[in-house]
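Enquirer: Build the 3D model from these lines:
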Amino acid sequence: MSDGKYFSTTKRGEIHELKEELRSLDRPKKKDAVKKVIAAMTVGKDVSMLFPDVVNCMQTDDLELKKLVYLYLINYAKTQPDLAIMAVNTFVKDSQDPNPLIRALAVRTMGCIRVDKITEYLCDPLQRCLKDDDPYVRKTAAICVAKLYDINPELVEDRGFLDMLREMLSDANPMVVANALAALQEIQELAGSGGKDLLQMTSQTLNKLLAALNECTEWGQVFILDSLAAYDTRDPRDAEKIAERVLPRLQHVNSAVVLSAVKVILRCMDVVALGPGGGEETIKGWSKKMAPPLVTLLASEPEVQYVALRNINLIVQRRPAILANEVKVFFCKYNDPLYVKMEKLEIMIRLASDKNIDQVLLELKEYAQEVDVDFVRKSVRAIGRCAVALEKATERCINVLLELIQTKVSYVVQEAIIVIKDIFRRYPNQYESIIATLCDNLDSLDEPEAKSSMIWIIGEYAERIDNADELLEAFLETFPEETAMVQLQLLTATVKLFLKKPTESAQKMISAVLSCATNETDNPDLRDRAYIYWRLLSTDPEAAKDVVLAEKPVIADDSSTLDPSLLEQLVSRYLATVAAVYHRPPETFVSRQRMAVTRAEELGSRKFEEDDGATPGTMVSDNNAAAAAGAAAAAVGDLLDLSDASPVPVPPAAAVGAAAATRGLDDLLGGLDLGGPTIRSSIPHIHPAAAAADPFAALANSSPAPISLGISPAALSQLPVLLANPGGVSVQGRLVRQGGQAVYQLALRNDTLAPVDGLMIQTNRNSFGLSPASQVLAVSAPGGVIPPGGLAPVRVPLLVDPSKVTPPPLNTGLQVALRTNQVGVLYFNDTVPLSALTEETGTMEAADFLAAWKTLPPEASTRLPLAVPSAEVAKQRLAAANLFVLAHRQVPATSQDAIYATCRITAGGVGQVLLELKFVAGAGGVDVSVKAERQDVAQLVFDGLPAVLLGAA
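Expert: Modelled structure (predicted):
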């Protein structure tokens, strides 16, 4: 009877029945139960709660049953690593089984269990299997080395597994060679670009790989070809030898093998080109052999065609001669999907030449009359790009465009006008005779880009268009409603018209446009450009002509051309990979994060619960959710990083936030879902790195440290407002220095209709590494709850965390997140005052001050626009802010006082700071000079000193 019956069950509550069957002594019944479990697992049901019962079935001589159990283990070992450890003894025993299939399965499964302690048991069986007599076991063990390296790199190196892999490159079995090579490549990728070359390719290794190439499976061939492409040789003879051995792979039925072979041959072409005579004949011969396989790829299904076309696009950019005579192959078929048609168009443009342009134009003209609007637009633009790229064919291209304009199809006409503008830019003063035809189609224009192109043409050739003022005036009637693109182009075109034909009507038009652009618009670009034109025209019209009517540079068709270095990288290293499809290097879209490895000591905190509910035996882990939230936070940002907190169970709201983390964040204020509304303040600039998990999830059950209030009720009303939130939670506060550390004095006002509790705080990375000593706020209110309408003061001591210090230059900005159980997360910005950073022990001897002043880099100076009542008041206020006055004197022949002071700021690695202040008591202005090891410290002092001298710090 077919095994399909196992997939057709719809019974509910069958877990209990399966459990009983798995415990049965009847072997056929037990095997039947395991098949049902595998079927349920295959269709996506969670059968992890049966893990112990399935593992117990491992002790069997039945090969089919053992395969099924191993299949189950491989699937669930990642999620149940602690229970997989229970099966270690069976793994070790099976690794010495007489059946090679069992030996290989045992080693493969052990490699899938990401628990560090299991590696102790894996090493000896793996070492045996790497030298096993059976090639199937050896090739499986080779891949297992790469998995073990991901878990414990040091162990792999210490036990000599890397040397064993290199020795396996000489194995008699080609699949063992391919797998050993694949494992070394994977390990090299895990080690990073900074690691040593693990493959250590020599001419001897090269010969062995070339020998194995013909006998490998198709995927083994891909691994070998990739390693050959990465082989760095400067010897043209070596390159020719490699290419000759690889050329037969171009006939392979697998498209991955074909593209990998093309990558190797292109690499060899570059080397041969450096040899005597440039290797022209050799390269020409290889090119002829490469063209048919690439063309054959286009006979595949559309998805494979698209991948092939994206790779061919790169090849054509790098070496267009390979497919120069094959442009017809890329003509679109009626049933091609749109994405395939678009790629074919791109390649047609690149292959267009003076020899085949007539064929290409005829084809593009047909495409421009299709029903698919996007395809038609792209086709019309393709005609324009051909005109820009091929000077001899420009007139033929323009004639085709004019024929298309005569169709009077709106979107065709508009695309034609857009590309004709580019043709005018490429070939100025050559094809202006067609402007009259364009002007006859103004009524068809309703898209911003088409309008702006036509307006540019009218303005650029205003002296040749008799009714240019009338045409522009028609556009100006809707000036306020137009898009920014059209408005900017109208402004410039009107100025051009006025400068070329300064008639009375042009003068009225320019006055109206400038007035509207400066007084009635919110667009700063438009307003600024209007002011510049206005001032140019009013002060020096000749200068305005030189600026506005200056000769423009000739354009080129580089709309789809990659940077040469990127193109070289993609062709030589990443052809036949996803990077070649994206046309981007892998580091821009692939995360290099490694999978988490469960530590043995973590397993003790896990519990396994049994009940008779719908999901009996659910695994409960105290660490999983918190660890996941921590990993997500580390991946995307720092503001909400609570890695120093002890892992604790996560509340439901945090789980929602962690789920939202997968969507990612553009900035600190985006995408954070914590099960409640998020209140956001107006923040002008936010650091792009931000976390996507609940910032306080890992501290939900933390005990707040006892903190005294430390602020009088009278001072609450004087605190500046940090977050005004009517109807929600508002925040007032300032940073001060108390008890030798920075302290946040906050006042939280609850304007909601319900009590607010569960308050926590966190800071983003900042220049000084300031971070709260405890994220849990001790609110001086009964039970830590702020009642509706209540105002609660909070004192938050801040510590300096070196891991949270941002790179220079210094920035006094501080970004803060505040969370409550009721209203979610609130964000606000604050500024770190100088007086909160200066330390109480920052003084120094006068002689040391003088010596330091001479040796430090040149001082930075500025003049602060404020008045100091007297030198004594200044000294008192400086001392109150831990700015220690070392000397005070009268400046000779002036009425100025000179004060020399110093301070020390450890936070952010600022160090000792020396100051000189010169001022006339009671008069406006204080001259300040600052010296420090770091040049960016001066601005910190200039920003913070006014508050100190005015007594507001």
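Enquirer: Are we agreed that residue 869 is in a helix?
Expert: No - secondary structure of residue 869 (DSSP: H, G, I helix; E, B strand; the rest coil): coil, not part of a helix.
Enquirer: what sits against it?
Expert: Residue 869 is in contact with 921, 922, counting by CB atoms under 8 Å, 6 or more residues apart in numbering. Every residue, glycine included, has its C-beta placed from N, CA and C.
Enquirer: Give me the pLDDT for it.
Expert: Residue 869 carries a pLDDT value of 88.
Enquirer: That one and residue 877, how far apart?
Expert: Residue 869 sits 10 Å away from residue 877, going by CB to CB, to the nearest Å.
Enquirer: now swap in residue 301 and tell me
Expert: 79 Å.
Enquirer: Name the residue in these two with the higher neighbour count.
Expert: When neighbours are counted by other CB atoms under 10 Å, residue 301 and residue 877 differ, and residue 877 comes out ahead with 21 against 7.
Enquirer: any weak-confidence spans in the protein?
Expert: Applying pLDDT under 70 to the chain picks out residues 1-13, 78, 81-84, 116-117, 193-195, 558-560, 592-717, 953.
Enquirer: buried sites along stretch 909-917?
Expert: Across stretch 909-917, burial judged by 16 or more other CB atoms under 10 Å covers 909, 910, 912, 913, 914, 915, 916, 917.
Enquirer: Going by distance to residue 739, which of those residues wins?
Expert: Proximity of the buried residues of stretch 909-917 to residue 739 (CB to CB) peaks at residue 910, which lies at 20.3 Å.
Enquirer: which residues touch residue 123?
Expert: 148, 155, 159.
Enquirer: 10 Å - rerun?
Expert: With contacts defined as CB atoms under 10 Å, 6 or more residues apart in numbering, residue 123 is in contact with 110, 148, 152, 155, 156, 158, 159, 161.
Enquirer: Residue 394 now?
Expert: Contacts for residue 394 (CB under 10 Å, 6+ apart) come out as 357, 384, 386, 387, 388, 423, 426, 427, 430, 431.
Enquirer: Give me the subset of those lying in helices.
Expert: The helices, defined by DSSP state H, take in 357, 384, 386, 387, 388, 423, 426 from the contacts of residue 394.
Enquirer: Highest neighbour count among these?
Expert: Most surrounded of the ones in helices among the contacts of residue 394: other CB under 10 Å gives residue 387, at 27 neighbours.
Enquirer: ok, the contacts of residue 394 vs residue 247, which is closest?
Expert: Using CB to CB, residue 357 comes nearest to residue 247 of the contacts of residue 394, at 32.3 Å.
Enquirer: In CSV, list the ones in helices among the contacts of residue 394 along with distance to residue 69.
Expert: Shown next, in CSV, are those (distance: CB to CB, whole Å):
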residue, distance to residue 69
357, 66
384, 65
386, 64
387, 68
388, 66
423, 70
426, 70
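Enquirer: Name the member of the residues you listed with the shortest distance to residue 311.
Expert: residue 386 (23.0 Å).
Enquirer: Can you report phi and psi for residue 828?
Expert: The phi/psi pair for residue 828 (degrees, to the nearest 10) reads phi -150, psi 160.
Enquirer: before we move on, what about the one 10 residues further on?
Expert: The main-chain torsion angles of residue 838 are listed as degrees, to the nearest 10 and equal phi -70, psi 140.
Enquirer: so who does it touch?
Expert: With CB under 10 Å, 6+ apart, residue 838 has these contacts: 737, 878, 881-884, 902-907, 910, 913, 941, 944, 948, 953.
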